[in-house]
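In: give me the fold of what follows.
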Amino acid sequence: MESENDPHRREETTMAKHCGAESAFAHVPRAPEIPVYAVMTACSKDPSPVKLNLGMGVYRTEDGRPLLLNVVRKAEELLLSDPSANKEYLPITGLTEFRELSAKLIFGTDSPAIKENRVTTVQCLSGSGSLRIGADFLAKYYYQSTVYLPEPTYGNHPNFFISAGLCLRTYRYYDPVTRGLDFQGILEDLASAPSGAIVLLHACAHNPTGVDPTFEQWEEIRQIIRSKGLLPFFDCAYQGFISGSLEDDAQAVRKFVADGGECLVVQSYSKNMGLYGERVGALSVVCKTADVATRIESQLKLLIRPMYSNPPIHGAAIAATILKDRNLFNEWTLELETMTKRLTCMREQLFDGLHERGTPGDWTHILKHVGLFTFSGLKEEQIAFMTREFHIYMSSDGRINMAGLSANTVPHLANAIHAAVTQIP
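Out: Below is the predicted model:
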């Protein structure tokens with residue numbers, strides 16, 4: 001009689017299970033839904049004709065449609081008619097023209113760091129891919145493993161650094177009482193951070209709050225960071241989305257580069273060019289010397305190679321075509337101004353709507369916030385009420401995508417907020 005402890009029998013039993021009905025992956029737990037996508041899915045399943053999706057961080061036109069910029073259409077037409085165009089693999093670091101133009105866009109055409117070859121820029125898979133490559137590089141080659149994130153921050157930020165094996169800390173950023181910047185909290189927390197710690201900074205249009213430091217406040221933040229020997233890591237996903245000026249929205253980054261110190265900068269063209277699905281982005285590392293920059297680039301190649309080998313060509317070619325052509329570039333800036341003006345108009349209309357209804361509370365923060373989002377200050381149970389009673393879908397933290405609104409839908413949102421605040425104080 002065979003023993004139940006016989007190793008050959010156990011092996012046969014195991015093989016039978018794997019070859020039979022039971023999956024080899026049956027032990028894999030189901031992961032929770034990603035909140036922002038869960039909101040989007042719930043909204044798509046809602047049959048209500050008045051439903052309103054204010055959750056996903058994407059720009060929408062006045063009629064609620066995705067925006068394909070005219071300048072992007074023109075750039076694609078130029079690429080399509082170019083007889084020399086091809087679909088060959090790009091180098092590991094991406095399209096050279098795109099890399100060079102992206103660096104000039106964020107650092108300035110006259111940047112000493114660029115002229116002295118102290119910047120290495122690699123094309124990555126939008127902002128997210130750029131952040132992950134940057135995090136992996138720091139985990140492998142930087143002596144500090146602690147990253148300070150603003151509280152709150154973009155929901156995916158922690159994932160990039162945790163996945164790279166880095167340790168997370170937070171610094172105060174948003175004041176829920178004033179619904180503005182906790183500037184003193186920022187200074188105190190950065191001043192107490194260990195020397196060399198990495199500090200993630202939103203270059204402009206902070207996500208999710210819509211609250212940014214002033215130019216003078218940025219200078220004080222820079223002084224603290226440099227005096228403590230901290231390493232700034234900028235996420236620039238919304239250049240041009242605050243003022244409509246690409247130059248003005250780059251000033252925080254340029255302030256740090258101008259002092260000769262080192263930093264990392266991530267760029268995304270998802271929002272400002274509307275190239276969401278093209279996954280167009282870049283990671284730049286500003287170094288003390290040109291020699292260090294070339295060595296870092298060599299290591300970035302080794303990080304990228306086993307991940308995706310090289311980036312896609314089409315989106316980068318679109319961006320480069322726009323960036324290098326003066327007429328297309330000027331048209332792009334005009335379209336950016338149009339988008340930012342619409343966001344400002346939506347803020348004003350929502351504020352006016354709440355004021356007209358006599359909605360309890362001070363809603364002036366809606367006018368003060370900048371960029372794509374405003375942090376409403378609504379409670380989670382109030383948001384649940386708005387979803388249930390008014391079919392309004394938004395993040396449970398109270399973030400509103402202002403581009404999801406239109407002149408026709410603002411009254412619906414104002415009614416919902418008024419009802420939520422008065423019935424669930």
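
In: buried ones in stretch 305-318?
Out: 310-313, 315-318 (16 or more other CB atoms under 10 Å). To be clear about C-beta, it is placed using only N, CA and C from the backbone, and glycine gets the same treatment.

In: ok, the residue nearest to residue 355 when sequence neighbours are not counted to residue 380 distance?
Out: Of all residues beyond its chain neighbours, the one nearest residue 355 is residue 363 (7.0 Å), with distances taken as CB to CB, 6 or more residues apart in numbering. Applying CB to CB, to the nearest Å, the value for residue 363 to residue 380 is 19 Å.

In: more crowded one of those two?
Out: residue 363 (21 against 11; other CB atoms under 10 Å).

In: before we move on, what SS does that one have?
Out: Of the three states, residue 363 takes coil under DSSP: H, G, I helix; E, B strand; the rest coil.

In: measure it to residue 72 for me?
Out: Computed as CB to CB, the residue 363 to residue 72 distance reads 35 Å.

In: and what of residue 235?
Out: Counting by CB to CB, the gap between residue 235 and residue 72 amounts to 23 Å.

In: more neighbours: those two, which one.
Out: With neighbours defined as other CB under 10 Å, residue 235 and residue 72 compare such that residue 235 has more, 26 against 23.

In: what is the end-to-end distance of stretch 317-336?
Out: 19 Å (CA to CA, to the nearest Å).

In: ok, stretch 45-59 next?
Out: 21 Å.

In: contacts for it?
Out: With contacts defined as CB atoms under 8 Å, 6 or more residues apart in numbering, stretch 45-59 is touched by 36, 39-40, 43, 66-67, 207, 271, 274, 276, 339, 372-373, 390-395, 399-401, 403-405, 409, 412-413.

In: any of those buried? List them.
Out: Among the contacts of stretch 45-59, those classed as buried by 16+ other CB under 10 Å are 36, 39-40, 43, 67, 207, 271, 274, 276, 339, 372-373, 390-395, 399-401, 403-405, 409, 412-413.

In: restricted to helices, list those.
Out: Of the positions in those, 36, 39-40, 43, 339, 390, 412-413 sit in helices, assigned by DSSP state H.

In: okay, those residues in TSV with pLDDT next?
Out: Conversion of those to TSV gives the following (pLDDT from 0 to 100):
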residue	pLDDT
36	85
39	88
40	88
43	91
339	95
390	97
412	97
413	97
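
In: ok, which pair from these is furthest apart?
Out: 339 and 390 (26.3 Å; CB to CB).

In: quick one: contacts of the strand or helix carrying residue 161?
Out: Using DSSP states H and E, residue 161 sits within helix 157-163. For helix 157-163, contacts defined as CB under 8 Å, 6+ apart pick out 128, 131-132, 134-135, 147, 149, 168, 200, 235.

In: ok so, going back, and which of the buried residues of stretch 305-318 is nearest to residue 105?
Out: Among the buried residues of stretch 305-318, and counting by CB to CB, the member closest to residue 105 is residue 316, at 13.1 Å.

In: touching, the closest one and residue 279? I think so.
Out: No - using CB atoms under 8 Å as the test, residue 316 is too far from residue 279 to be in contact (9.5 Å).

In: returning to that earlier point: after the helix holding residue 161, which helix or strand is next?
Out: Past helix 157-163, the next helix or strand by DSSP H and E is strand 167-172.

In: list the pairing partners of that following strand within its sheet, with orientation.
Out: strand 146-151 (parallel) (DSSP bridges).
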